[in-house]
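**Student:** Structure, please.
(4 chains)
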There are 2 protein chains.
Amino acid sequence: MLTGHARKERLHNPQHTRELLLQAAFREVHRSGFQSTGINTILAATNVTKGALYYHFPTKEALGYAIVEEIIAKLVRDRWLHPMLSHGKKPVDILIGIVRRLPVQPEDIRWSCPLLNLAQEMSPLDERFRKRLERLFLSWQEGVAALLRKGQSQRTVRRDLNPDEVASFLVAMVEGYASLAKNAQDVRVWEVGIRNIVGWLKSLRAPRQPRRSGRRILKKQVVKRRQRF
Amino acid sequence: MLTGHARKERLHNPQHTRELLLQAAFREVHRSGFQSTGINTILAATNVTKGALYYHFPTKEALGYAIVEEIIAKLVRDRWLHPMLSHGKKPVDILIGIVRRLPVQPEDIRWSCPLLNLAQEMSPLDERFRKRLERLFLSWQEGVAALLRKGQSQRTVRRDLNPDEVASFLVAMVEGYASLAKNAQDVRVWEVGIRNIVGWLKSLRAPRQPRRSGRRILKKQVVKRRQRF
DNA sequence: GCGAACATACATACTGGTTGGTATGTTAAC
DNA sequence: GTTAACATACCAACCAGTATGTATGTTCGC
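**Tutor:** Numbering: from 1, shown residues only, chains lettered A, B, ... in the order given. Got it, this is the predicted structure:
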């Protein structure tokens, strides 16, 4: 009885085939870009035939969108959003931990960040691609911003900072260094970048709290919108 | 006698044809990427024939290399290296001026930085492309670093900074924000980025100089390698 | 339990269009 | 008249996509 759990031997295993295609397509698109990745390359990498691919994905674009919404979105969640939920730790320390744990293998540096790659290539060319990628960037930034706001309310993050702008600053830096390292094809460029990002993250911490004085300080005086660095 | 100055009416004007091809190729590559730009697109944009193109450039790659070495290199020089030579102004102010003068038109944001685009696409795929682009990135960073060193010797730039690392930090941020703005297709994202970069640049300035005391401070104590932000 | 009926999940062969590149012919300039 | 500077026609390889056929899995009547 081959119901319930999927048996490997099944010849028709649509979920498995679909996932196989998605992973291979992601791999190829990550390396060569979406436009330059041929359907046949994906088929050759999977031993799946064209009929099967076009059964699961109506067009090449649809396959691309699925890569963004399923695989890359998961990467953002796994690397950034989920680790941010770790309780008990201070926001800045959480961010430092995340940045330090980012992949540093030569392969990772070589092909750089999939989100960035696809966004660079497709954003000005295909609006539906752009929108999907934008959602991921925004969820990333909003996650960081929310974490910073939490830190501000806990008095562990400087309150003169604008969380949204700091968040996009962080994202810009991570992606910027990823680009430099990719061009240099040098892990050390990335490692120096990480060090500098971590150094900058440390500067976000609230200074040692002064003894609480009797009279309260007006919020307006504390929360300045223009941040220092 | 149509010697000396080139007459427009000349039918065979190789320099002009070559330049025409280069400019059109740059434009298309900037928009769609190198791999996805067809030779025929460039020909259609210039009313030049295939024979003429392959007379001037042996392969599509050679055309791409020429774009990097002639057009993009000139952009780096014009936007960064030359403005850095302005005498009399303090290094940090020069950098702020340059960053503030970077293009902000919707078209510029849409297609983003040509150097970054090509580097993102071609660095892991073609070593000769990568090398040429790397040279431009290094000249850019070295220019910034040299300017910072000058500022340090003039005591207008903090001496606890590592000029090379600050320079790559700046480049990473510029390119990172360019990517974010390109994905968002929003000039405001870029403008916020510029503001934050300028804010950060201001933090590089040496603090008000303390009254010179009698005994000299050892250089080793002043120049720390780990910078603050 | 069992097979007909049907739907899902592929496989194969092919198409029109495009790709970078080339072989060969022509014209302008000196 | 020689050669540099093109123009034209053509090529094999590849592209995304499709038409059509086939094997597998499921459902349902009985």
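
**Student:** The helix or strand harbouring A:K150 - contacts with which helices or strands?
**Tutor:** Applying DSSP states H and E as the criterion places A:K150 in helix A:127-153. Counting contacts by 3 or more C-beta pairs under 8 Å, 6 or more residues apart in numbering or on different chains; DSSP states H and E, helix A:127-153 is packed against helix A:60-66, helix A:73-76, helix A:91-100, helix A:114-122, helix A:163-184, helix B:163-184. Bear in mind the C-beta positions are built from the backbone N, C-alpha and C, glycine included.

**Student:** Those helices into a markdown table, with extra columns for mean pLDDT, distance to DNA strand C and mean neighbour count?
**Tutor:** Formatted as a markdown table, these follow (pLDDT from 0 to 100; distance: least, C-beta to the nearest atom of the strand, whole Å; neighbours: other C-beta atoms under 10 Å in any protein chain shown):
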| stretch | mean pLDDT | distance to DNA strand C | mean neighbour count |
| --- | --- | --- | --- |
| helix A:60-66 | 95 | 12 | 18 |
| helix A:73-76 | 98 | 21 | 15 |
| helix A:91-100 | 98 | 37 | 20 |
| helix A:114-122 | 97 | 16 | 24 |
| helix A:163-184 | 98 | 23 | 24 |
| helix B:163-184 | 98 | 23 | 24 |
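
**Student:** quick check, the helix holding A:K150 touching DNA strand D?
**Tutor:** No. On the criterion C-beta under 7 Å from any atom of the strand, helix A:127-153 is out of touch with DNA strand D, staying 13.2 Å away.

**Student:** Near DNA strand C, which residues of chain A are found?
**Tutor:** When proximity is defined by C-beta under 7 Å from any atom of the strand, chain A lies next to DNA strand C at A:11-14, A:17-18, A:48-52, A:55-56.

**Student:** which of the residues in the helix or strand hosting A:H16 are buried?
**Tutor:** Per DSSP H and E: A:H16 is located in helix A:14-32. By 16 or more other C-beta atoms under 10 Å in any protein chain shown, the buried positions in helix A:14-32 come out as A:17-18, A:20-32.

**Student:** just for chain A, where's the confidence low?
**Tutor:** The model of chain A has pLDDT under 70 over residues A:1-10, A:209-229.

**Student:** one step back: got JSON lines for the residues of chain A next to DNA strand C, with distance to DNA strand D too?
**Tutor:** Listed next are those as JSON lines, based on distance: C-beta to the nearest atom of the strand, whole Å:
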{"residue": "A:L11", "distance to DNA strand D": "4"}
{"residue": "A:H12", "distance to DNA strand D": "4"}
{"residue": "A:N13", "distance to DNA strand D": "8"}
{"residue": "A:P14", "distance to DNA strand D": "9"}
{"residue": "A:T17", "distance to DNA strand D": "12"}
{"residue": "A:R18", "distance to DNA strand D": "15"}
{"residue": "A:V48", "distance to DNA strand D": "12"}
{"residue": "A:T49", "distance to DNA strand D": "8"}
{"residue": "A:K50", "distance to DNA strand D": "4"}
{"residue": "A:G51", "distance to DNA strand D": "5"}
{"residue": "A:A52", "distance to DNA strand D": "9"}
{"residue": "A:Y55", "distance to DNA strand D": "8"}
{"residue": "A:H56", "distance to DNA strand D": "12"}
